[in-house]
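A.B. asks: My questions concern the predicted model and sequence given below.
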Amino acid sequence: MQRSDFFRFDRVLFALAPLTLAAAAVAQSTSGVLTGTAKDSTGAIVANATVTLSNPGSGYNRSVTSDAAGRFTFTNIPFDRYQLSANTDALRATAKRVQVSSPVPLTVDVSLAVAGTSTEVDVEATPDLTESDPNFHTDVDRAMIARLPVETPSSELSGIVTELTPGVAADSNGLLHGLGDHNEVSFSVDGQPITDQQSKVFSNQLPADAVQSFEVIEGAPPAEYGDKTSLVVVVTTRSGQGITKPTGVVSYSYGSFGTSRILADMAYGGQNWGNFISASALQSGRFLDAPEFAVYHDKGNEENFFDRIDGQLSNVSSLHMNLQYTRSLFQNPNSYDTQYGFAQQGLTTGLTDQRSKIETYLFAPTYTRILSANAVLNFAPYIRRDSYNYLPSANLLNDLGPIQQESIGQRRSLTNVGVHSDVSITRGVHNLKFGGMYQQTFLRENNTIGLVDPNLNAACVDVNGDPASGGPEQCSTPGTNSNSQNPNYAPVLAPYDLTRGGTTYTWHGQTDVKQLALYGEDSIHAGNWQINLGVRGDFYNGLATDRQVEPRAGLSYNVKRTGTVLRLSYARTQETPFNENLVLSANGCLDPVLNAVFTATAGYCDPAPFNPGFRNEFHAGFSQAIGHHFVVNGEWISKYTHNAYDFSVLGATPITFPIEWKNSKIPGYVASATLADMKGFTARFTFSSVAARFFNPQIGGVGATVASAGGFPFRIDHDERFNQTTHLEYRLPRRKSLYTSFNWKFDSGLVAGSVPCYSAIGANTACSGYSFDGNGNPLVTPGGQPAIDLSSLTADEQFQAGLTCDGVKATQTQGFTTCDAAGLTSKLVNIPAPNTGDDDHNPQRIQPRNIFDMEVGDDDLVHFSDRYHIGARVTAVNLTNKYGLYNFLSTFSGTHYVTPRTITGEVAFRF
């Protein structure tokens with residue numbers, strides 16, 4: 001399709017969209033409503049009965065009291081399967097299984113019988129924890145979120161998803177590597193899609209305190225979800241509707257690295273309205289994961305405000321609105337080199353002082369209207385804006401570092417303006433949803449850049465080929481002195497060489513990315529079978545254009561007698577490029593100055609359009625319940641993507657940008673086991689093994705990690721052979737407010753292609769850059785043994801990698817030029833044995849690590865009355881103070897250590 005054809009097609013879609021949306025209806029709601037009447041065995045109304053809705057798998061448990069007419073209502077119920085029960089002092093509890101899978105209101109009455117009598121209880125024989133949904137997913141409720149020891153409030157939601165979801169590889173600063181993809185994660189917050197990066201170096205997240213529950217879809221995504229679908233996190237926020245007395249908490253915490261936080265939230269409302277509000281402020285001396293285990297230049301703060309407003313406009317219509325403002329301001333952490341080392345060597349005059357500021361705004365109202373007893377309409381416009389400001393050091397020359405030869409400043413913004421809408425219909429065995437989404441993303445990128453390495457663009461070289469002083473006029477004539485013209489000299493960069501009196505260069509890029517999606521899906525329940533069918537049409541108009549039809553299908557069979565569910569699912573999805581620095585990566589090479597910078601630093605710069613890719617993915621899995629308290633889930637996955645996306649980075653800055661590879665293959669398996677509450681004890685165990693194989697050539701992006709066309713496959717840095725997380729929690733049966741929770745995380749280690757190693761044979765290895773001398777001969781020791789060239793790494797970088805050469809450890813100031821291959825070892829990175837390194841089958845990796853976290857607390861430590869309590873808790877992250885890495889010199893994020901042991905105490909007033 002030509003670009004002009006697309007614009008004509010786009011105009012037709014715009015003309016049809018209002019009619020389509022009016023007929024097909026509006027937004028992707030994530031919660032339902034359950035109403036009913038409590039009655040006794042004779043059919044008489046039972047007032048003041050305690051009615052409870054619970055899900056033992058997710059931890060959801062909520063109770064209401066029936067009114068004088070026996071009526072009860074549960075609102076804001078996350079889609080899931082529940083047990084509904086009721087009781088009074090005189091009548092015994094009964095129970096029913098109910099499935100909430102649509103915003104269409106559900107009416108279920110409950111019956112109570114006199115204690116001691118014999119009456120039928122309407123409970124299916126199917127164990128509580130199995131679900132027949134063909135799409136594998138993980139459910140987590142607030143009860144579990146509130147007692148989970150996590151690392152930092154600034155990326156708490158990402159941490160919770162990582163801890164409790166199988167298939168997520170942990171990475172620094174809240175990055176989610178879901179099912180072999182770099183942060184291909186979308187969040188649906190009360191139906192609003194958020195598909196941009198949610199790591200705390202890109203954006204500010206929704207506060208975990210605002211989350212009622214979430215569902216993580218790891219299986220084939222239903223048709224209503226698109227864009228970034230490796231993981232889909234469907235979030236339902238907390239609501240104040242129906243909470244007739246103000247309920248909330250005010251807390252203060254203080255811990256290691258001077259980290260302190262104050263938080264206040266409150267829920268309050270009536271039958272027809274509600275408000276939940278949360279506000280918090282955080283400051284820390286270790287805001288980001290740093291490139292050193294010791295902390296240098298890493299202070300930061302964050303202020304977060306979230307408000308959810310619910311209002312019942314009439315018997316058939318309601319309005320729900322989410323508001324958020326978050327600001328984070330933080331130092332970008334230094335390595336030892338940038339803090340002290342380069343100044344000690346006379347290369348800079350002081351420490352690097354780069355800082356970032358991120359502001360996030362959200363306005364997202366949703367209008368809901370009941371069309372009939374079987375149909376609900378939603379309409380939801382939204383505006384979400386991330387403003388990112390990166391500030392260089394006051395003295396730009398101090399920005400020089402081992403892998404940063406430029407001083408860079410950035411001011412960019414990413415604004416999503418859109419509307420999503422859907423209509424949900426229940427009819428017989430069918431649960432239908434039809435809808436659409438239009439979104440326009442406004443990208444504005446402003447960069448300043450100047451050279452701070454005098455050797456990067458020297459006009460002259462000496463007789464050894466090393467950079468020398470002098471301008472072009474002093475070395476252009478052979479024989480005038482010992483210097484000669486540098487063949488790589490770029491005259492276009494001379495005005496922007498700060499080491500020679502130049503100034504910074506300013507570049508501006510902008511584009512508007514337009515996306516339209518229409519979809520329809522049906523979930524069919526027929527006896528023991530559940531069939532999910534759907535189709536989605538995506539229309540993408542950014543720096544490139546694309547349209548795709550994407551069928552989705554799932555099938556499951558419930559063997560009720562054995563408590564077994566078997567499932568299969570398939571999805572075709574459109575994979576769109578990341579929006580962060582998209583214009584820079586796609587068009588930067590068209591600018592002669594940026595082209596020269598990237599050519600000098602990466603050796604390559606060739607503009608190429610970012611064409612959306614497409615993926616075919618297949619899933620097969622099972623669920624097996626054992627009794628009423630234990631369930632095991634497993635899923636095999638296979639994903640094949642044409643035009644696969646990843647990130648690269650400019651130097652050691654947070655200026656990261658998308659790049660595109662020819663294709664990728666991601667096979668693997670994920671599994672989980674859940675023990676529901678058994679006398680106060682609950683447990684969740686997850687594990688996975690997911691490969692991430694990418695294939696050359698690189699076909700888009702500025703080329704910081706470019707490889708030759710037709711090259712070999714390689715494992716990208718979010719490939720991990722195995723990881724597991726075990727979460728245990730125990731509450732005293734007679735004092736449920738007193739609890740302890742424990743996490744054990746094992747990671748086998750992400751790929752780390754910059755780890756030095758030796759391989760003089762085999763073409764598909766990153767070891768070759770460390771294995772040959774300047775003449776192209778295999779490097780050997782004086783005794784003729786294979787040797788590894790370490791001269792490209794500073795002493796501090798060798799220290800960061802934990803390198804030991806023949807029993808001598810590298811320090812931050814003393815490293816090695818070479819080391820015999822057999823004598824180079826490390827406890828932090830995994831170095832392939834000599835001549836065994838292979839980027840596909842045996843790449844360099846981070847060493848395996850075990851991390852243990854623990855929390856002990858009492859939510860009712862001091863009891864004033866039924867309404868007022870004081871609670872306290874102590875949280876320990878990395879209890880054993882494990883010395884380990886997330887990554888080493890990653891082309892995306894550099895080097896980062898796991899958080900050292902962190903102890904935090906909190907006191908909370910609850911009302």
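C.D. replies: Alright, I've got the coordinates. Numbering: from 1, shown residues only.
A.B. asks: use CA for all of it now, contacts and neighbours both
C.D. replies: OK.
A.B. asks: which residues does the residue most central in space within the chain form a beta bridge with?
C.D. replies: Centroid-nearest residue in the chain, with CA atoms, centre = their mean: L176, separated by 3.5 Å. Beta bridges link L176 to A170 when assigned by DSSP bridges.
A.B. asks: That one reaches G167, doesn't it?
C.D. replies: No. Using CA atoms under 8 Å, L176 is not in contact with G167, being 9.9 Å away.
A.B. asks: which residue ranges form the helices in the chain?
C.D. replies: 3-24, 142-145, 156-164, 336, 342-344, 472-475, 582-587, 592-602, 795-800 (DSSP state H).
A.B. asks: Output the contacting helices and strands for the third one.
C.D. replies: Identification of packing neighbours for helix 156-164 by 3 or more CA pairs under 8 Å, 6 or more residues apart in numbering; DSSP states H and E yields strand 168-170, strand 720-732.
A.B. asks: how close does L568 sit to A517?
C.D. replies: 25 Å (CA to CA, to the nearest Å).
A.B. asks: no wait, H896
C.D. replies: Separation of H896 from A517 (CA to CA): 38 Å.
A.B. asks: about what we covered before: contacting residues around the residue nearest to the centre of the chain?
C.D. replies: Shown in contact with L176 (CA atoms under 8 Å, 6 or more residues apart in numbering): S158, T162, V168, A169, A170, H182, N183, V185, S199.
A.B. asks: now do the same end-to-end measure for stretch 836-856.
C.D. replies: 46 Å.
A.B. asks: And it, how far out from the chain middle?
C.D. replies: Taking the mean of its C-alpha atoms, stretch 836-856 sits 19 Å from the chain's own mean (CA atoms, centre = their mean, to the nearest Å).
A.B. asks: re the thing from before, the residue nearest to the centre of the chain and H718, how far apart?
C.D. replies: 9 Å.
A.B. asks: Sketch out the low-pLDDT regions of the stretch 601-750 of the chain for me.
C.D. replies: Low-confidence segments of the stretch 601-750 of the chain (pLDDT under 70): 703-710.
A.B. asks: burial measure for the nearest residue to E224 once chain neighbours are set aside, as a count.
C.D. replies: Counting by CA to CA, 6 or more residues apart in numbering, E224 lies nearest to Y519, which is 6.2 Å off, once chain neighbours are set aside. Y519 is flanked by 23 other residues according to other CA atoms under 10 Å.
A.B. asks: Quick check, Y519 in contact with P222.
C.D. replies: No. Look at Y519 against P222 with CA under 8 Å: they stay out of range, at 9.7 Å.
A.B. asks: So for those two, which residues contact both of them?
C.D. replies: By CA under 8 Å, 6+ apart, the residues touching both Y519 and P222 are G534.
A.B. asks: By mean pLDDT, flag the weakest helix or strand of the chain.
C.D. replies: strand 25-26 (a mean of 31; mean pLDDT, DSSP states H and E).
A.B. asks: how about R384, what does it touch?
C.D. replies: T360, Y361, L362, F363, T415, N416, V417.
A.B. asks: The closest residue to A458 other than its chain neighbours bridge partners, please.
C.D. replies: Nearest-residue entry for A458: P467, 5.7 Å, with adjacent residues in sequence omitted and distances by CA to CA, 6+ apart. Beta-bridge pairing of P467 under DSSP bridges involves V461.
A.B. asks: what stretches of the protein score poorly on pLDDT?
C.D. replies: 1-29, 93-94, 115-128, 470, 476-482, 703-710.
A.B. asks: try 50
C.D. replies: Within the chain, the stretches with pLDDT under 50 are 1-28, 117-127, 480, 704-709.
A.B. asks: Burial check on F746, number of neighbours?
C.D. replies: With other CA under 10 Å as criterion, F746 counts 18.
A.B. asks: I'd like the distance between it and E720.
C.D. replies: For F746 relative to E720 (CA to CA), the value is 11 Å.
A.B. asks: can you check L112 too?
C.D. replies: From L112 to E720 the distance is 52 Å (CA to CA).
A.B. asks: One more: N835?
C.D. replies: N835 sits 22 Å away from E720, taking CA to CA as the criterion.
A.B. asks: Name the residues linked to I358 by a beta bridge.
C.D. replies: S328, Y388.
A.B. asks: How about the contacts made by it?
C.D. replies: F202, S203, N204, R327, S328, L329, D386, S387, Y388, N389 are the contacts of I358 under CA under 8 Å, 6+ apart.
A.B. asks: now swap in T725 and tell me
C.D. replies: Contacts of T725 (CA under 8 Å, 6+ apart): E163, L164, F685, T686, F687, N743, W744, K745, F746.
A.B. asks: beta partners for the closest residue to the fifth one other than its chain neighbours?
C.D. replies: The shortest distance from F687 to any residue other than its chain neighbours is 4.0 Å, reached at Q724 (CA to CA, 6+ apart). Per DSSP bridges, residues listed as beta-bridge partners of Q724: F687, F746.
A.B. asks: I figured Q724 hits F685, correct?
C.D. replies: Yes. Using CA under 8 Å, Q724 makes contact with F685 at a distance of 7.3 Å.
A.B. asks: Looking at these two, which is more packed in?
C.D. replies: Shown here are Q724 and F685; by other CA under 10 Å, Q724 has more neighbours (25 against 21).
A.B. asks: now the more buried one: how far from L164?
C.D. replies: 10 Å.
A.B. asks: how about the strands of the stretch 651-800 of the chain, start to end?
C.D. replies: 656-678, 681-690, 693-700, 714-715, 720-732, 735-747, 787-789 (DSSP state E, counting those that start in this stretch).
A.B. asks: ditto for the stretch 1-150 of the chain
C.D. replies: All strands of the stretch 1-150 of the chain, identified by DSSP E, counting those that start in this stretch, fall at 25-26, 31-40, 50-55, 60-65, 71-78, 80-87, 91-92, 94-100, 106-107, 110-114, 137-141.
A.B. asks: if I pick the residue nearest to A458, what's in contact with it?
C.D. replies: For P467, the residues meeting the contact criterion (CA under 8 Å, 6+ apart) are N455, A458, A459, C460, V461, N486.
A.B. asks: give me that answer again for 7 Å
C.D. replies: The contact partners of P467, by CA atoms under 7 Å, 6 or more residues apart in numbering, come to N455, A458, C460, V461.
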